[in-house]
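A.B. asks: Got a sequence here, can you build the structure:
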Amino acid sequence: MDQLGIFAKYWQPGAVKTRLAATVGEAAASQVYRRFLITMLRRFDHVAERRVLAFTPPDQRAEFALLAADAWTLQDQGAGDLGMRMQNYFTAAFRSGADRVVLIGSDSPTLPPDYVKEAFRLLKTFPVVLGPAEDGGYYLVGAAGQVPPIFDGVAWSTSLVWNQTQSLLQAAGCPCGVLPMWYDVDDLPGLRRMHQELADRPPPDETLKQLHEDVARVLDDHHE
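C.D. replies: Sure thing, here's the model as predicted:
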């Protein structure tokens with residue numbers, strides 16, 4: 001069985017998208033992040049046999065349930081740093097019968113679904129698959145059969161993540177499939193880039209059209 005997960009944080013103003021908030025304001029950054037999450041939940045709601053929205057904090061479960069509807073199962077991320085929470089996600093997935101497990105974040109709303117589908121295909125050959133992000137991290141991590149040894153000893157949220165993860169895989173003798181590079185939207189230049197991407201390639205569906213409109217509204221309201 002294939003399982004796809006999305007990691008998400010509650011969109012409390014001031015607690016999400018802090019680099020973006022520094023330029024567009026906390027309220028606008030919060031609204032943008034919520035739109036990112038809605039976009040991803042809708043765009044990926046037919047990928048994999050089981051889909052999990054792994055959220056934090058646990059006391060906001062009802063808010064996430066409104067967005068997940070019937071397409072996604074809710075799961076608390078648990079405690080600890082990002083590595084511990086990702087390890088918890090993979091451990092729970094394999095314990096519940098999944099064979100191939102993929103996890104993505106909520107910072108890449110225009111991520112092509114074909115990249116995620118390719119991750120599941122690669123997991124038929126490789127025990128681990130990663131999608132490199134332009135900032136030195138990764139936008140996707142997947143594993144087949146068991147939890148990979150890559151979640152401890154990594155400087156999360158830094159440009160060192162990719163290299164440190166590759167070193168851990170090499171030390172464990174664990175081959176890794178690699179997807180095409182993509183980008184996270186964490187700041188104003190990233191938001192402008194995504195807006196231009198959507199403008200250059202007219203959104204094919206209502207979900208991306210709404211994303212484009214919301215992002216355009218934030219950029220129109222922002223004055224340097």
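A.B. asks: mind listing what the closest residue to residue 176 other than its chain neighbours touches?
C.D. replies: Of all residues not flanking residue 176 in the chain, residue 128 sits nearest, at 4.6 Å (Cβ to Cβ, 6 or more residues apart in numbering). Heads up, the C-betas are built off the backbone N, CA and C, glycines and all. Taking Cβ atoms under 8 Å, 6 or more residues apart in numbering, we find residue 128 in contact with 141, 142, 143, 144, 148, 150, 169, 174, 175, 176, 177.
A.B. asks: Please, where are all the helices along the chain?
C.D. replies: 18-24, 26-43, 61-68, 82-95, 113-122, 161-171, 188-200, 206-221 (DSSP state H).
A.B. asks: what bits of the protein have low per-residue confidence?
C.D. replies: 223-224 (pLDDT under 70).
A.B. asks: coming back round to it: what's the distance between the residue nearest to residue 176 and residue 88?
C.D. replies: Residue 128 sits 17 Å away from residue 88, going by Cβ to Cβ, to the nearest Å.
A.B. asks: Equivalent analysis for residue 6, please.
C.D. replies: Separation of residue 6 from residue 88 (Cβ to Cβ): 15 Å.
A.B. asks: Who is the closest residue to residue 111 other than its chain neighbours paired with across the strands?
C.D. replies: Closest residue in space to residue 111, ignoring its immediate chain neighbours: residue 182 at 5.7 Å, by Cβ to Cβ, 6+ apart. Per DSSP bridges, the residues bridged to residue 182 are residue 133.
A.B. asks: and residue 182, what does it touch?
C.D. replies: Residue 182 makes contact with 108, 111, 112, 115, 131, 132, 133, 134, 139, according to Cβ under 8 Å, 6+ apart.
A.B. asks: In a markdown table: these, plus distance to residue 58.
C.D. replies: As requested, the contacts of residue 182 are exported to a markdown table (distance: Cβ to Cβ, whole Å):
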| residue | distance to residue 58 |
| --- | --- |
| 108 | 25 |
| 111 | 26 |
| 112 | 32 |
| 115 | 30 |
| 131 | 28 |
| 132 | 31 |
| 133 | 27 |
| 134 | 32 |
| 139 | 25 |
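A.B. asks: Pull out the buried residues from those.
C.D. replies: Taking 16 or more other Cβ atoms under 10 Å as the criterion, what is buried in the contacts of residue 182 is 108, 111, 115, 131, 132, 133, 139.
A.B. asks: correct me, but the third one touches residue 180?
C.D. replies: In this case it means residue 115. Yes. Residue 115 is in contact with residue 180 according to Cβ atoms under 8 Å; the separation is 6.4 Å.
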